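Undergrad: Mind folding the following:
(one chain, ligands or ions: 1)
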Amino acid sequence: MGFTGQAHILERLKNEIKNGTLGHAYAFTGEKGIGKRTLAHYMAKTILCTEKGNDIEPCGKCRSCRSFEEGVNPNFRVIRNETKKILIRQIRDMIEDISVRPAEGKKVYLIEEADLMTVDAQNCLLKTLEEPPPYCIILLTTSVYESLLLTIRSRVAQLRLKPYTEGEIKTIAKANGIDIRGKEYLTSLCGGIPGRIFELASDKSFEENRNIVMRFVFEADTRSRLDFNQYLSKNKSAVSSCMDILESIYRDALMVQCSVTDGLINSDKKDNIIKYARGLSPDDIFAKISGIEEIRSNLKRYMNYQLAVDMLTLAL
Ligand SMILES: [Zn+2]
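TA: Residues are numbered from 1 along each chain as shown. Reported below is the predicted structural model:
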């Protein structure tokens, strides 16, 4: 089975495999939840497959593919943090393992969340990145690429993952057994990040959050404001999700004001949004969106929680 999305990366890697020009180190970068680890695993499996054929896809049948799927492929090793950081000891172990030549083919090493490597660990990795044995390929994943040492970055090829299209998100959700029938807005709300749709779909309070936010916006009376206020006061964990939902409604309202009614995030509430957008000017809506942004960043700076809730529910 092929891989969904990220064609710009897969095409490049497949061509490199085909032409024998594969590099010795790659960094998969992109937002948290975008699927860096999944793609790195897919790439490792492809490299190690002994029956790839012309389409350069892992066959899923050869000994290497089968042991890979079982997580016991001797030529694939994952390094991740065992404590808060990835320690120099772990990188030393990896380098020792690299020095052992494989019986055949390549050896692939994957350092997950490579930015967790201590500076010592990164410096220790440098030498290997400079002169790796020809059979060795090192893959890194990180959502904060810039925090890696420049000397590391200059020795790896960066592969930046792009947000997925809604169609791709649907395919990924289905492949992972997530039923989004009747909840199509989830595919828009996740912003092209598969990890978010997994989170949203498994978040039992999401529907409740959404209902209360919808009432707050569309009814806009004292009662719904107070209900929303009390709800957030009691459910601190819901505030981030509620702000996302709120922002998505405001963005939809802006779209409607620009006469765009297709592709709304909350397409199931289209009529409400059209009615709502009519009663406001674009400036009103921009002010609401920047109000949310301000509260969001104030909360990160440890603003008093109840004050943030009051601003969100009573002042917006
Ligand atoms: Zn295979």
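Undergrad: near the ion, which residues of the stretch 51-200 of the chain?
TA: 51, 58-59, 62, 65 (CB under 5 Å from the ion). For glycine as for every other residue, the C-beta is placed from the backbone atoms N, C-alpha and C.
Undergrad: Of those, which is the nearest to residue 225?
TA: Distance to residue 225, by CB to CB, is smallest for residue 58 among those, at 54.5 Å.
Undergrad: Produce a ChimeraX select command limited to the buried residues of the residues of the stretch 51-200 of the chain next to the ion.
TA: Buried members of these can be picked out in ChimeraX with the line below, counting by 16 or more other CB atoms under 10 Å:
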select :58,59,65
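Undergrad: how about the residues of the stretch 51-200 of the chain next to the ion in JSON lines, adding secondary structure?
TA: Putting those into JSON lines (DSSP: H, G, I helix; E, B strand; the rest coil) gives the following:
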{"residue": "51", "secondary structure": "coil"}
{"residue": "58", "secondary structure": "coil"}
{"residue": "59", "secondary structure": "coil"}
{"residue": "62", "secondary structure": "coil"}
{"residue": "65", "secondary structure": "helix"}
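Undergrad: Out of the residues of the stretch 51-200 of the chain next to the ion, which comes closest to residue 293?
TA: The nearest member of those to residue 293, counting by CB to CB, is residue 58 at 43.1 Å.
Undergrad: For the closest one, give me its contacts.
TA: 42, 45-46, 48-49, 52, 65, 68 (CB atoms under 8 Å, 6 or more residues apart in numbering).
Undergrad: Got the confidence number for it?
TA: Per-residue pLDDT puts residue 58 at 95.
Undergrad: Residue 24 versus that one, what's the distance?
TA: 20 Å (CB to CB, to the nearest Å).
Undergrad: how about the helices of the stretch 151-300 of the chain, start to end?
TA: Assigned helices in the stretch 151-300 of the chain, in chain order: 166-175, 185-189, 194-202, 206-219, 222-234, 239-257, 270-278, 282-300 (criterion: DSSP state H, counting those that start in this stretch).
Undergrad: which strands and helices sit next to the fourth one?
TA: By that I understand helix 206-219. Other helices and strands packing on helix 206-219, by 3 or more CB pairs under 8 Å, 6 or more residues apart in numbering; DSSP states H and E, are helix 222-234, helix 239-257, helix 270-278.
Undergrad: would JSON lines of the ones you listed with distance to residue 9 and mean neighbour count be doable?
TA: Conversion of the helices and strands packed on helix 206-219 to JSON lines gives the following (distance: least, CB to CB, whole Å; neighbours: other CB atoms under 10 Å):
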{"stretch": "helix 222-234", "distance to residue 9": "40", "mean neighbour count": "16"}
{"stretch": "helix 239-257", "distance to residue 9": "28", "mean neighbour count": "20"}
{"stretch": "helix 270-278", "distance to residue 9": "35", "mean neighbour count": "16"}
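Undergrad: how about those helices, which one is nearest residue 116?
TA: Residue 116 lies closest, by CB to CB, to one member of the helices and strands packed on helix 206-219: helix 239-257, at 23.6 Å.
Undergrad: Format the contacts of residue 58 as CSV; extra columns: secondary structure and pLDDT.
TA: Below are these laid out as CSV (DSSP: H, G, I helix; E, B strand; the rest coil; pLDDT from 0 to 100):
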residue, secondary structure, pLDDT
42, helix, 97
45, helix, 97
46, helix, 97
48, helix, 97
49, coil, 97
52, coil, 92
65, helix, 97
68, helix, 97
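Undergrad: For the residues you listed, which single residue is the most surrounded?
TA: residue 48 (25 neighbours; other CB atoms under 10 Å).
Undergrad: gap between residue 287 and the ion?
TA: Distance, residue 287 to the ion, by CB to the ion, to the nearest Å: 57 Å.
Undergrad: How many residues are close by residue 201?
TA: Residue 201: 18 neighbours (other CB under 10 Å).
Undergrad: Please parse the protein into its domains.
TA: 7-162, 203-315 (automatic domain parsing).
Undergrad: Centre of the chain to the longest one, how far?
TA: This points to domain 7-162. 18 Å (CA atoms, centre = their mean, to the nearest Å).
Undergrad: Same check on the shortest one?
TA: Its chain's average C-alpha position is 23 Å from that of domain 203-315, according to CA atoms, centre = their mean.
Undergrad: Low-confidence stretches in the stretch 1-150 of the chain?
TA: Residue ranges of the stretch 1-150 of the chain with pLDDT under 70: 1.
Undergrad: Would you map the strands across it?
TA: Along the stretch 1-150 of the chain, the segments classed as strands by DSSP state E, counting those that start in this stretch run 25-29, 76-79, 107-111, 136-142.
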